[in-house]
Structures are given as structure tokens and as C-alpha cells.
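Peer 1: with the input below, show me the fold.
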Amino acid sequence: MRVRTVLCAVAAVFGLAVAGVAQAHLLSESGGWGAGFTHPLLGWDHLLAMIAVGLWAAQLGGRALWSLPLTFVSVMAGGALLGMGGVALPHVEAGIAASLLVLGLFVAFAARLPLAAGVMLVAAFALVHGHSHGTEVPAMVSPWAYATGFVIATALLHVTGIAFGRGLHAKAVQIAGACVAFAGVSVFAGM
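Peer 2: Numbering: from 1, shown residues only. Okay, the predicted model is just below:
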């Protein structure tokens, strides 16, 4: 059962990513929905952070399984509104790099925080990811369609992370977390 869940999640993410790249012209003409949908799938920093949220939620289990992803998606939408509205937020790129490093380390060490602390941490990272999405709305597209696209893609990436977290051996999940943390270090090194 676990192998089937993981294979389905991998197939879904692969299918979404390939479809986004192969149909780029169609998605760019979709009024913004497709551009928003592919933004987190094609930006590896967003992709890794959103999967890491799902991995960590799966490790924590219980109420964290739904509250961490739900918090991320809701606060990300708020951050996007700030970005679309031209509200400046300092150190967005550093916050995105920190999200990779911290979430990756938490997954790598199977860190257990009280639920409220985990929710607050995820909310802080969601704010910077959302702001980044909001400031990158392509010209000539509907910002609401764009936002709908990246919200749906983000939720799917969280579900993918949860599927991996529940379907893979605990050590494999921790290794994935270490890889995400390393990506965060790489982003910081490139700043």
C-alpha cells in the first residue's frame, strides 16, 4: 500500500511538471491560472519547501498533518495579496532560503515542536513564499487566476510531501530533508 501511494504521488508531480513545461504556450494563454499553477512547480526553491512542509507534517502526524499545510496555504495567500498590493516585505529571498534550510533540518532530524510553534514557523515561511508569488504576477494575466493556480499547486505539493512522508522509510524521509537543507545552504551561498 505504501509503495503504491508513493508511486502515485511521484507520477502526479511528474505529470504536473511535464505537462506544465510541455504546454507552456497553452498555460500562458489561460488567463493566468496556468502561469500560477506552474510557478511553484518550476521554481525548485518553492517546490522543495512545499514538499518539505508535507514531509514534516507526515512525520509529526496527528493535527499537524492537516494544520501545517492548511496554515501554509492560507498565509501564503495573504502574503501574495501583500505582494500584489505592492507592500514591501524585507528579506524575502533570505526567508525563502531559510525555509529550505530550517524545514529541511527539521525533516532530517525528525524534529518535534509543539503544534503552535510549528504552525507559527510554517506561517512565517508561507508569508515570504506568498509574497514572492504575489510580486511575480506576469503582466497581462488575471492576478486572481494566477493566485488560484499557485494555491492549488501548493496544496498538491503538500499532499505529495505527505504521501512521501507516509510511504517512504523514515530514514529515506530524513535523507530527503537533508537534501532540502543542503539546497537552502546553496541558496544562501549564492546570495
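
Peer 1: neighbours of the residue nearest to residue 65 when sequence neighbours are not counted, just the number please.
Peer 2: Closest residue in space to residue 65, ignoring its immediate chain neighbours: residue 57 at 5.1 Å, by CB to CB, 6 or more residues apart in numbering. From N, CA and C alone the C-beta is placed, and that goes for glycine too. By other CB atoms under 10 Å, the residues close to residue 57 number 29.

Peer 1: so residue 57 makes contact with residue 164?
Peer 2: No. If you go by CB atoms under 8 Å, residue 57 and residue 164 don't touch, sitting 11.0 Å apart.

Peer 1: about what we covered before: which residues touch the residue nearest to residue 65?
Peer 2: 64, 65, 66, 67, 68, 69, 158, 161, 162, 165 (CB atoms under 8 Å, 6 or more residues apart in numbering).

Peer 1: let's see which of those residues end up in strands.
Peer 2: For the contacts of residue 57, not one is inside strands, with DSSP state E as the criterion.

Peer 1: of the residues you listed, which is the most crowded?
Peer 2: residue 161 (30 neighbours).

Peer 1: what strand or helix carries the nearest residue to it once chain neighbours are set aside?
Peer 2: Spatial nearest neighbour of residue 161, chain neighbours left out: residue 54 (2.0 Å); criterion: CB to CB, 6+ apart. If you go by DSSP states H and E, residue 54 is part of helix 44-60.

Peer 1: next helix or strand past the top helix by length along the chain?
Peer 2: Using DSSP state H to define each element, the chain has its longest helix at helix 143-167. Per DSSP H and E, the first helix or strand lying C-terminal to helix 143-167 is helix 170-189.

Peer 1: tell me which strands and helices that following helix is in contact with?
Peer 2: helix 44-60, helix 92-108, helix 143-167 (3 or more CB pairs under 8 Å, 6 or more residues apart in numbering; DSSP states H and E).

Peer 1: pipe those into JSON lines and attach mean pLDDT per row.
Peer 2: Output for these, formatted as JSON lines (pLDDT from 0 to 100):
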{"stretch": "helix 44-60", "mean pLDDT": "97"}
{"stretch": "helix 92-108", "mean pLDDT": "97"}
{"stretch": "helix 143-167", "mean pLDDT": "95"}
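
Peer 1: tell me the most buried of those helices?
Peer 2: Highest mean neighbour count of the helices and strands packed on helix 170-189: helix 44-60, a mean of 25 (counted as mean count of other CB atoms under 10 Å).

Peer 1: pull it out as PDB, backbone CA atoms only.
Peer 2: Provided in PDB are the C-alpha atoms of helix 44-60 (Å, rounded to 0.1, in the frame of the first residue of the first chain):
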ATOM      1  CA  TRP A  44      12.800  24.500  -7.200                       C
ATOM      2  CA  ASP A  45      13.000  26.600  -4.100                       C
ATOM      3  CA  HIS A  46       9.200  26.800  -3.800                       C
ATOM      4  CA  LEU A  47       8.800  23.100  -4.800                       C
ATOM      5  CA  LEU A  48      11.300  21.800  -2.200                       C
ATOM      6  CA  ALA A  49       9.900  24.000   0.600                       C
ATOM      7  CA  MET A  50       6.300  23.000  -0.100                       C
ATOM      8  CA  ILE A  51       7.100  19.300  -0.300                       C
ATOM      9  CA  ALA A  52       9.200  19.700   3.000                       C
ATOM     10  CA  VAL A  53       6.100  21.100   4.700                       C
ATOM     11  CA  GLY A  54       4.200  17.900   3.700                       C
ATOM     12  CA  LEU A  55       7.100  15.700   4.800                       C
ATOM     13  CA  TRP A  56       7.300  17.400   8.200                       C
ATOM     14  CA  ALA A  57       3.500  17.200   8.700                       C
ATOM     15  CA  ALA A  58       3.600  13.500   7.900                       C
ATOM     16  CA  GLN A  59       6.400  13.000  10.400                       C
ATOM     17  CA  LEU A  60       4.600  14.900  13.100                       C
END
